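Novice: dropping a prediction and its sequence here:
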Amino acid sequence: MKKQQTRLSRIRNIGIAAHIDAGKTTVTERILYYTGRTHKIGEVHEGTAVMDYLPQEQERGITITSAVTTLYWEDHEVQLIDTPGHVDFTIEVERSLRVLDGMVAIFCGVGGVEPQTETVWHQADKYRVPRIAFINKLDRVGSDFFRVVDMIVEKFGADPIPLQIPLGREDGFYGVVDLITMQAIAWEDEDLGATYRVISIPAEYREKAASYREKLFDKISLFDDELMELYLEGKEIEPSRIYAALRKGTVGLKCVPVLCGAALRNKGIQPLLDAVIRYLPSPLDVPPVTGENPETRELEERRPSDDEDLAALAFKIVMEEGRKLTYIRIYSGSIKVGGDVYNVNLGKKEKISRIYKMHANHKDRIEEARTGAIVGIVGLKETSTGHTLTQAKPLLLEPIEVYQPVISVAVEAARNADQEKLLLALQRIAQEDPTFVVKTDEDAYQTVVSGMGELHLDVIMHRVREEFGIDLQVGKPQVVYKESIEGTLTREHAFEKVINNTPCKGWVSIAVAPNARGEGNLIISRVSEDNPVYPFVNAVEEGVSEAFNIGVLKGYPLTDVRVEINDATFNNPEFARLTLKMAAYDALRDACQQAGPVLLVPIMSLTVTVPNEFLGEIIADLNSRKCHIANIMTKDKYTVVDANAPLTNMFGYSTDIRSLSQGRASFTMYFSRYDRIENG
């Protein structure tokens with residue numbers, strides 16, 4: 001048992017996440033090099049990054065899919081996931097954070113807290129993932145370490161604790177001051193930063209270092225009473241004691257240690273790796289995983305131990321060479337090649353053919369995987385993203401939230417002979433990516449695909465052409481609308497049918513009302529447990545849920561609707577489920593038709609960074625697109641404009657913003673909520 005505890009205490013499951021272009025993959029490539037995982041530094045701009053292994057990632061210079069690797073540092077095993085920074089691929093971050101124990105948030109020393117960084121940070125908050133911050137690109141013109149630290153406080157309300165301050169600015173950045181040991185570190189350029197010198201703190205930095213060390217102790221003494229006493233008495237405090245206090249604060253989500261560097265110039269990576277080991281949690285440091293027992297409906301927990309029954313979550317599917325590779329995180333128990341696992345979501349057993357330890361797209365075969373492991377499995381034919389795997393004792397873990405697509409295009413094969421092949425290719429991609437949806441419109445003889453944005457669909461269409469060799473014709477992008485209601489109404493409805501010569505009847509009474517925008521649909525049952533219909537309430541809920549899928553205006557799904565089930569009756573227990581389900585389905589449709597149905601459009605959160613001389617043109621253009629400007633903030637020669645933009649008016653914006661600003665403005669845009677344009 002002690003040996004097992006030691007093994008688990010030396011595992012770190014971490015993710016690297018940030019806004020696009022903050023340098024996530026560059027940091028990851030340096031980590032691989034300094035840990036000996038690779039023998040040559042891969043570069044994103046050269047298309048040689050190990051973790052960006054897809055041809056499109058290398059061509060476009062962006063991360064599209066999260067990549068897993070295992071590396072070793074100071075006798076610790078680090079399982080690392082490099083995630084995409086572009087908002088169209090947010091699902092990759094979501095499903096990675098769902099299974100990780102810790103995160104390194106990368107910030108650009110110039111841009112600071114950018115829109116996608118905020119999204120990633122809030123995703124980490126949702127899953128209560130401890131994190132450390134690395135402020136990158138301090139060699140760039142306009143970089144400012146201290147401004148970025150202030151932005152972390154301002155934007156997130158977090159408590160960042162700088163453990164280092166930079167030596168030199170912009171082109172002159174050459175090292176850091178370690179505030180814990182009160183020594184300076186300078187990197188050697190000759191060997192790509194693999195070695196560094198520990199030197200005395202330069203005279204001009206001593207006062208600032210002493211001031212920030214004082215702030216460091218002010219904060220960490222709150223996590224350790226004895227350390228506070230030693231500090232107040234002015235006694236020497238061992239670095240190991242400081243590391244322990246910082247670890248306690250980080251794992252408890254009370255603080256965020258902050259480090260800095262310039263990954264492209266190979267500076268700052270080794271202390272970052274040390275910080276991952278020192279401050280981010282092992283599987284033993286996070287709470288035991290909890291899930292619902294499908295038989296008793298009660299919450300149960302599984303401790304991180306090989307001796308517990310298996311609890312694992314499938315978080316990613318990759319189809320390769322005709323085989324399905326399922327990525328799983330093992331929270332407890334173990335699996336072996338040839339063994340069975342039980343898919344709790346499907347109620348089915350599946351057999352494990354092979355287990356792989358992953359290094360991006362390279363795989364090492366292993367015979368067994370134990371608690372704390374993140375591995376790829378071949379053999380799980382029906383398991384999908386978010387499914388729970390157990391063995392003897394079923395347990396249903398919280399699934400991974402899937403984002404709804406907001407944009408659609410019609411696609412067809414250029415040659416009729418390829419149409420069936422196209423459908424198979426699209427369905428295969430949809431298996432991998434839960435945010436990509438394929439529908440066949442029988443009436444219009446069209447295949448319609450939906451995704452998270454223009455880049456998302458463009459990447460997939462490119463993949464169909466290159467990977468599957470199918471020439472495509474793609475229609476113009478169309479917005480995925482939704483419907484809702486504005487009124488409140490109570491409705492009764494009866495469904496009657498003669499089944500096997502017996503009259504069967506189900507009757508329901510429901511009340512509908514609008515929910516707050518972005519709250520989604522909600523079903524509440526008011527039927528008491530002593531009511532004869534109580535055992536069949538879930539049939540009423542099924543009818544309501546199915547009716548949500550088809551709106552009453554133009555057939556788009558309903559959202560932000562609150563339904564209360566007030567009462568229900570039936571006359572034939574044998575067919576109660578069917579009649580009640582149909583009565584509820586019809587009742588909701590009737591109620592929504594009478595309750596002021598409205599059409600909703602996706603509203604996007606838009607952030608534009610524009611040189612001051614072009615601000616007037618950009619604002620005028622946003623107003624013409626019916627965008628609601630929420631905030632304008634000027635930074636030196638640039639202005640940042642935050643706005644809510646109806647997606648229907650934003651197609652082709654990337655071309656228009658370039659022409660309006662002579663190519664000097666940039667923007668990020670991600671889905672915020674569904675709303676009426678008048679309100680947006």
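Specialist: Structure received.
Novice: what helices or strands is whichever strand or helix holds residue 608 leaning on?
Specialist: Following DSSP states H and E, one finds residue 608 within strand 597-611. Using 3 or more C-beta pairs under 8 Å, 6 or more residues apart in numbering; DSSP states H and E, the elements in contact with strand 597-611 are strand 482-485, helix 615-624, strand 638-646, strand 666-675. In short, each C-beta sits where N, CA and C put it, glycine included.
Novice: beyond the worst-scoring helix or strand of the chain on mean pLDDT, next helix or strand please.
Specialist: Least confident helix or strand of the chain, by mean pLDDT, DSSP states H and E, is helix 55-60 with a mean of 52. As assigned by DSSP H and E, the chain's next helix or strand after helix 55-60 is strand 67-73.
Novice: just the buried residues of that next one, please?
Specialist: By neighbour count with 16 or more other C-beta atoms under 10 Å, strand 67-73 contains the buried residues 67, 68, 69, 70, 71, 73.
Novice: swap in stretch 318-327?
Specialist: 324, 325, 326, 327.
Novice: between the two ends of it, how far is it?
Specialist: Start and end residues of stretch 318-327 are separated by 8 Å (C-alpha to C-alpha, to the nearest Å).
Novice: thinking again about what came up before, partner strands of the strand holding residue 608, parallel or antiparallel?
Specialist: If you go by DSSP bridges, strand 597-611 pairs up with strand 482-485 (antiparallel), strand 638-646 (antiparallel), strand 666-675 (antiparallel).
Novice: list the helices and strands the helix or strand hosting residue 275 packs on?
Specialist: Under the criterion of DSSP H and E, residue 275 resides in helix 269-279. On a contact count with 3+ C-beta pairs under 8 Å, 6+ apart, helix 269-279 meets strand 11-17, helix 24-34, strand 67-73, strand 76-82, strand 102-108, strand 131-136, helix 239-251, strand 256-260.
Novice: pretty sure residue 185 belongs to a strand, no?
Specialist: Yes. Judged by DSSP: H, G, I helix; E, B strand; the rest coil, residue 185 forms part of a strand.
Novice: so what's the residue count around it?
Specialist: Neighbour count of residue 185, defined by other C-beta atoms under 10 Å: 21.
Novice: show me the beta-bridge partners of it.
Specialist: Applying DSSP bridges, one finds that residue 185 bridges with residue 176, residue 198.
Novice: residues in contact with it?
Specialist: 175, 176, 177, 178, 196, 197, 198, 199, 271 (C-beta atoms under 8 Å, 6 or more residues apart in numbering).
Novice: on that earlier part again, closest one of the buried residues of strand 67-73 to residue 403?
Specialist: Nearest to residue 403 among the buried residues of strand 67-73: residue 67, at 20.4 Å, using C-beta to C-beta.
Novice: what's the most buried one of the strands paired with strand 597-611?
Specialist: Looking across the strands paired with strand 597-611 with neighbours counted as mean count of other C-beta atoms under 10 Å, the highest average goes to strand 482-485: a mean of 23.
Novice: state the mean pLDDT of that one.
Specialist: Mean pLDDT, computed over strand 482-485, is 93.
Novice: what sits up against stretch 293-305?
Specialist: Contacts for stretch 293-305 (C-beta under 8 Å, 6+ apart): 4, 8, 283-284, 286-292, 308-309, 311, 331-333, 344, 371-372, 394-396.
Novice: list buried residues within these.
Specialist: 4, 8, 283-284, 286, 288-289, 291-292, 308, 311, 331-333, 344, 371-372, 394-396.
Novice: I'd assumed residue 462 was in a helix, is it?
Specialist: Yes. Assigned with three-state DSSP, residue 462 falls within a helix.
Novice: how about JSON lines for the buried residues of stretch 318-327, with pLDDT and distance to residue 490 added?
Specialist: JSON lines is the format used below for the buried residues of stretch 318-327 (pLDDT from 0 to 100; distance: C-beta to C-beta, whole Å):
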{"residue": "324", "pLDDT": "85", "distance to residue 490": "48"}
{"residue": "325", "pLDDT": "87", "distance to residue 490": "51"}
{"residue": "326", "pLDDT": "89", "distance to residue 490": "47"}
{"residue": "327", "pLDDT": "89", "distance to residue 490": "48"}
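Novice: in strands only, show me these.
Specialist: Counting by DSSP state E, the part of the buried residues of stretch 318-327 found in strands is 324, 325, 326, 327.
Novice: which one among those gets closest to residue 431?
Specialist: Using C-beta to C-beta, residue 324 is the member of those that sits closest to residue 431, with 7.4 Å.
Novice: quick one: that closest one and residue 410, what's the gap?
Specialist: According to C-beta to C-beta, to the nearest Å, residue 324 stands 28 Å off from residue 410.
Novice: tell me where the model's unsure across this protein.
Specialist: For the chain, applying pLDDT under 70 flags the ranges 1, 37-66, 85-90, 190-194, 321-322, 361, 441-445, 678-680.
Novice: let me know the outermost residue of it.
Specialist: For the chain, the largest distance from the centre (C-alpha atoms, centre = their mean) belongs to residue 501, which lies 53.7 Å off.
Novice: of all the helices and strands packed on strand 597-611, which lies closest to residue 164?
Specialist: strand 638-646 (27.5 Å).
Novice: returning to that earlier point: out of the helices and strands packed on helix 269-279, flag the one nearest residue 638.
Specialist: With C-beta to C-beta as the criterion, residue 638 lies closest to strand 102-108 of the helices and strands packed on helix 269-279, at 13.9 Å.
Novice: what's the helix or strand following that closest one packed up against?
Specialist: For strand 102-108, the succeeding helix or strand toward the C-terminus, using DSSP H and E, is helix 115-126. If contacts are counted by 3+ C-beta pairs under 8 Å, 6+ apart, helix 115-126 sits against helix 90-99, strand 102-108, helix 145-156, strand 666-675.
Novice: tell me the buried residues in helix 115-126?
Specialist: 115, 116, 117, 118, 119, 120, 121, 123, 124.
Novice: can you redo those as a markdown table with distance to residue 149?
Specialist: Converted to a markdown table, the buried residues of helix 115-126 look like this (distance: C-beta to C-beta, whole Å):
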| residue | distance to residue 149 |
| --- | --- |
| 115 | 19 |
| 116 | 19 |
| 117 | 14 |
| 118 | 16 |
| 119 | 20 |
| 120 | 18 |
| 121 | 14 |
| 123 | 21 |
| 124 | 18 |
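Novice: in a markdown table: the helices and strands packed on helix 115-126, plus distance to residue 612.
Specialist: Shown next, in a markdown table, are the helices and strands packed on helix 115-126 (distance: least, C-beta to C-beta, whole Å):
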| stretch | distance to residue 612 |
| --- | --- |
| helix 90-99 | 31 |
| strand 102-108 | 21 |
| helix 145-156 | 19 |
| strand 666-675 | 14 |
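Novice: and residue 471, which of these is closest to it?
Specialist: Closest to residue 471 of the helices and strands packed on helix 115-126 is helix 90-99 (C-beta to C-beta; 27.9 Å).
Novice: in the closest one, what counts as buried?
Specialist: Residues of helix 90-99 classed as buried: 90, 91, 92, 93, 94, 95, 96, 97, 98, 99 (neighbour count, 16+ other C-beta under 10 Å).
Novice: kindly report the same for stretch 243-259.
Specialist: Within stretch 243-259, the residues that qualify as buried by neighbour count (16+ other C-beta under 10 Å) are 243-251, 254-259.
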